[in-house]
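Q: Based on what follows, work out the 3D shape:
(chains A and B)
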Amino acid sequence: MAGKVVLHYFNGRGRMESIRWLLTVAEVEFDEVHLTTRDQLKQLLSDGDLMFQQVPMVEIDGMKLIQTKAILNYIAEKYNLHGKDLKDRVMINMYSEGVMDLMEMIMMLPFIPDPKPKLANIEAKATERYLPVFEKVLSGQIYLVGGKISVADVLLFECTLMLEEKFAGILGDFRNVKAFQGRMTRIPAIDEFLKPGSKRKPQPDDQYVKTIMEVLDIKSLP
Amino acid sequence: MAGKVVLHYINGRGRMESIRWLLTVAEVEFDEVHLTTRDQLKQLLSDGDLMFQQVPMVEIDGMKLIQTKAILNYIAEKYNLHGKDLKDRVMINMYSEGVMDLMEMIMLLPFTKDPKPKLANIEAKATERYLPVFEKVLSGQIYLVGGKVSVADVLLLECTLMLEEKFAGILGDFRNVKAFQGRMTRIPAIDEFLKPGSKRKPQPDDQYVKTVMEVFDLKSLPF
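A: Residues are numbered from 1 along each chain as shown, chains lettered A, B, ... in the order given. Predicted coordinates:
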């Protein structure tokens, strides 16, 4: 059933941004419904639209999908961004999970009372644990796995941009990753997504944090 | 390449237990190497055996797999526990991710400074957010998805057992889930796994916590 893809989330990156990226690379158009009030969330809940009472939720192909990774896997498989066989798939999944762990650390920053030590930890993990792996893999390789673009490439690309927003020169010692980033940027759909006015969301600001705390009824930074 | 499957982890449940469960249901034999000292971890690291310097790590089919979900997906796909098509697969993944979120809350309890409010939160989430979903799905259904056992069923079973260890009568209001649990425990491989002497790990104790803190050089409870 070819209805429109609709994303339900806050008007910001959070856990939905990777899904926006993947849909963009898959060249799938989508609309968004932004949660701005607690009553809106209560409506979604009472309508039974959120399986585990959580967002992100993505309406696609007649279903209301939840759980970021389930959604990413669905899009990746449907649009051939998940490898040609089981061996490719496990490599893609390992890289993706690692990158998502790192992006989640960045995602949590606006909700942490004392972000400075966490920022330092993120930079250390990025430069000591994650980037060296991809620097090595991308030596003499266009994409991470199987010679074709996959969800792992999309997530790594998203991650490199997020890292540079926090630590400007962080890819200085990772030339293969920087070159990879350049190649990915030249993909037409990505090039469009990076322009002003696209569906790409900006970095979280005070308004974003305020909205989330209100909608989810969080009394103080967790 | 049919070598032996080898699990590398601490001698306890943690993030490896779901993998032990899935291998068991898939009827795949495995050995274990238990991390007991920081030096052992350092050896694995310097040997380059851990892609992101982390365990779980599973040696299987000539690879050294890491990241719990990547490992579970590999085993599920290889042994036909991941649904017959994309639609089944996304249902399995949604259920699995939800159940794993709940199990992770329980997993982190021994590393929490003040577990009491967390325990209360887990019980609330289980009875208000997760169990009602499965209670409804399992009404008149043997398995969660597609009429055959999948990784989602294995994870839900594991989760129900963990919940009952913390909250004895918690399935009292969830009769379909309780019946599902009964059906799953009668699967021969699971029945064996639940007997003493199997590779199933016991609940975490002080020794487990101590070993984890030592091997990963944690100075104090992290949560």
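
Q: ok, now how distant is the most far-flung residue of chain A relative to its centre from A:Asp39?
A: When distances are taken from the C-alpha mean of chain A, A:Ser46 lies farthest, 27.7 Å away, according to CA atoms, centre = their mean. The spacing between A:Ser46 and A:Asp39, counted by CB to CB, to the nearest Å, is 10 Å. C-betas here are computed from N, CA, C, even on glycine.

Q: about what we covered before: tell me the spacing between the residue farthest from the centre of chain A and chain B.
A: Relative to chain B, A:Ser46 is positioned 14 Å away (CB to the nearest CB, to the nearest Å).

Q: Could I get the pLDDT score of that residue?
A: Model confidence at A:Ser46, given as pLDDT, is 97.

Q: can you pull the contacts of it?
A: Remark: with contacts taken as CB atoms under 8 Å, 6 or more residues apart in numbering or on different chains, A:Ser46 is in contact with nothing.

Q: that's a strand at A:Leu7, yeah?
A: Yes - applying DSSP: H, G, I helix; E, B strand; the rest coil, one finds A:Leu7 inside a strand.

Q: show me the contacts for it.
A: Contacts of A:Leu7 were listed using CB under 8 Å, 6+ apart, and they are A:Met16, A:Ile19, A:Arg20, A:Phe30, A:Asp31, A:Glu32, A:Val33, A:Pro56, A:Met57, A:Val58, A:Glu59.

Q: my read: A:Ile60 touches A:Tyr74, true?
A: Yes - here A:Ile60 lies in contact with A:Tyr74, judged by CB atoms under 8 Å, at a distance of 7.4 Å.

Q: The two: which is more packed in?
A: A direct count of neighbours by other CB atoms under 10 Å in any protein chain shown for A:Ile60 and A:Tyr74 places A:Tyr74 higher, at 26 against 21.

Q: Please report phi then psi for the more buried one.
A: Note on A:Tyr74: its backbone torsions stand at phi -60, psi -50 [degrees, to the nearest 10].

Q: ok, longest helix in chain A?
A: Longest among the helix segments of chain A by residue count, using DSSP state H, is helix A:86-108.

Q: Now, of the contacts of A:Leu7, which are buried?
A: Neighbour counting by 16 or more other CB atoms under 10 Å in any protein chain shown classes A:Met16, A:Ile19, A:Arg20, A:Phe30, A:Pro56, A:Met57, A:Val58, A:Glu59 among the contacts of A:Leu7 as buried.

Q: Closest one to A:Leu144 out of those residues, please.
A: Proximity of the buried ones among the contacts of A:Leu7 to A:Leu144 was ranked by CB to CB; the top entry is A:Ile19 with 19.0 Å.

Q: pretty sure that closest one contacts A:Met57?
A: No - here A:Ile19 does not reach A:Met57: they are 10.3 Å apart, not a contact under CB under 8 Å.

Q: what's the nearest residue to A:His75 if we skip its chain neighbours?
A: For the record, residue A:75 is Ile, not His. Taking CB to CB, 6 or more residues apart in numbering or on different chains, and ignoring the residues beside it in sequence, A:Ile75 has A:Leu22 as its nearest neighbour in space, at 5.1 Å.

Q: can you map out the helices along chain A?
A: Under the criterion DSSP H, chain A carries helices at the ranges A:17-25, A:38-46, A:68-78, A:86-108, A:115-125, A:131-137, A:151-166, A:175-185, A:188-193, A:206-215.
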